[in-house]
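J.: Give me the fold of what follows.
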Amino acid sequence: MLWALVLPLVFLALVTQVSSNAKGAQMSVTGKTWETTSFTCDFTQDVKYIHLYKQQEGMAPRRLFYYDVYYSKIEFESGIDKAKYSVYKGAAGRSYRFAILNLEHSDSGTYYCAVWDKHAESLCNSYIKNFNVGTKLVVTDRNLATDLSPKPTIFLPSIAEINYNKTGTYLCLLEKFFPDIIKVYWKEKDGNRALPSQQGNTMNTTDTYMKLSWLTVTENSMDKEHICVVQHERNIRGINQEILFPSINEVVSSIVPTTEAPSDCLNQESKVTGTGSKKVCLKDESEVTADNNSTKVCLEDESNTLQLQLMNTSAYYTYLLLLLKSVVYFIIITSCVFRRTGICCDGKNS
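T.: Sure, this is the predicted structure:
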């Protein structure tokens, strides 16, 4: 009797897993209304039938049809528009392209390819239906000819954070992209392993989106360069963006001046040293007059110092702004949920 209860639960768990036969699908595709778009499903082995499912937000997946690979024939479910879909076999042999014609907003959703795979661990000749990770279709009226790829702005760690915490935080701000489906991860320059990082929510800004991601680097990795990898369908030529961040040690060396002998700074009235930098040192009490104003000067002007300091300051205020916005949203939602009367509830008691 116990097996009768356990076996259905095991079967349900198996049929919802991601197929080992299906490769990772496109994250998203965007199409304009009344035009045609397509997405691909790739497989590592030969298949006989491919089932296409569509899922819309808040609803269970619904099978649209299955495709007979041998006869190149589509068998539609009842109520499905047969003129809406087409299937084409790719040149690779195990790749199939699914086209959706005359796009409407109701076509938006996530599409899954599914196949029946034989259950290798089963004692009997049983099969399980496996799904790929799915492709989200976004149907829009906007002009897709413009550049809608993520625009990165990088923020480097501050000297104060490095000295106090013995860590450094890289920030990558991605702006003005569409649609909102995006994947961001971090890795070392010459590595392939994705590093633990933090992600902010994807936020709507007028008619585009923005996202913030950051990586905290420990003291042991401060000598390594890091890369922020951005996956988005509107990237140029469909290639992932790889945004290179300099090592934290390089950041420190570009900001902190090198210690020099005092005689180099005091023997002459003025002195210029170093490539790409300008140093002006004056004796005690010596003055420089410019535009009738006298000032005492002993400074080092690194070409990148001001820019890095501004970027660090901008990162700090960007973080505060996002934090403040989240607090405001939380207050508004809380007031709407717990107040029986007021602006959010039309002034009527429930």
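J.: all strands of the stretch 51-200 of the chain, in order?
T.: Ranges of strands in the stretch 51-200 of the chain, per DSSP state E, counting those that start in this stretch, are 62-68, 73-76, 85-89, 95-100, 109-118, 127-131, 135-140, 151-155, 168-177, 183-188, 198-199.
J.: So which elements touch the next helix or strand after the shortest one?
T.: It refers to strand 198-199. Next along the chain after strand 198-199, taking DSSP states H and E as the criterion, comes strand 203-205. Using 3 or more Cβ pairs under 8 Å, 6 or more residues apart in numbering; DSSP states H and E as the contact test, the elements touching strand 203-205 are strand 208-217. Placement of C-beta: from N, CA and C, glycine included.
J.: L148 touches T208, doesn't it?
T.: Yes: counting by Cβ atoms under 8 Å, T208 is a contact partner of L148 at 7.2 Å.
J.: quick one, which of the strands of the stretch 51-200 of the chain is nearest to S326?
T.: In terms of Cβ to Cβ, the element of those nearest to S326 is strand 198-199, at 13.7 Å.
J.: and the closest one, which strands flank it?
T.: Strand 198-199 has its sheet partners listed here by DSSP bridges as strand 208-217 (antiparallel).
J.: partners of the next helix or strand after the strand it pairs with in the sheet?
T.: As assigned by DSSP H and E, the chain's next helix or strand after strand 208-217 is strand 226-231. Strand pairing for strand 226-231, using DSSP bridges, gives strand 183-188 (antiparallel), strand 241-245 (antiparallel).
J.: could those go into JSON lines alongside mean pLDDT, distance to Y96 and mean neighbour count?
T.: Converted to JSON lines, the strands paired with strand 226-231 look like this (pLDDT from 0 to 100; distance: least, Cβ to Cβ, whole Å; neighbours: other Cβ atoms under 10 Å):
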{"stretch": "strand 183-188", "mean pLDDT": "96", "distance to Y96": "23", "mean neighbour count": "18"}
{"stretch": "strand 241-245", "mean pLDDT": "96", "distance to Y96": "28", "mean neighbour count": "16"}
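J.: could I get the ones you listed as CSV with distance to Y164?
T.: Below are the strands paired with strand 226-231 laid out as CSV (distance: least, Cβ to Cβ, whole Å):
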stretch, distance to Y164
strand 183-188, 23
strand 241-245, 20
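J.: residue contacts, P246?
T.: 156, 225 (Cβ atoms under 8 Å, 6 or more residues apart in numbering).
J.: Same question for G168.
T.: Taking Cβ under 8 Å, 6+ apart, we find G168 in contact with 156-157, 161-162, 216-217, 222, 248, 251.
J.: one more time with 7 Å
T.: 157, 161-162, 217, 222, 248 (Cβ atoms under 7 Å, 6 or more residues apart in numbering).
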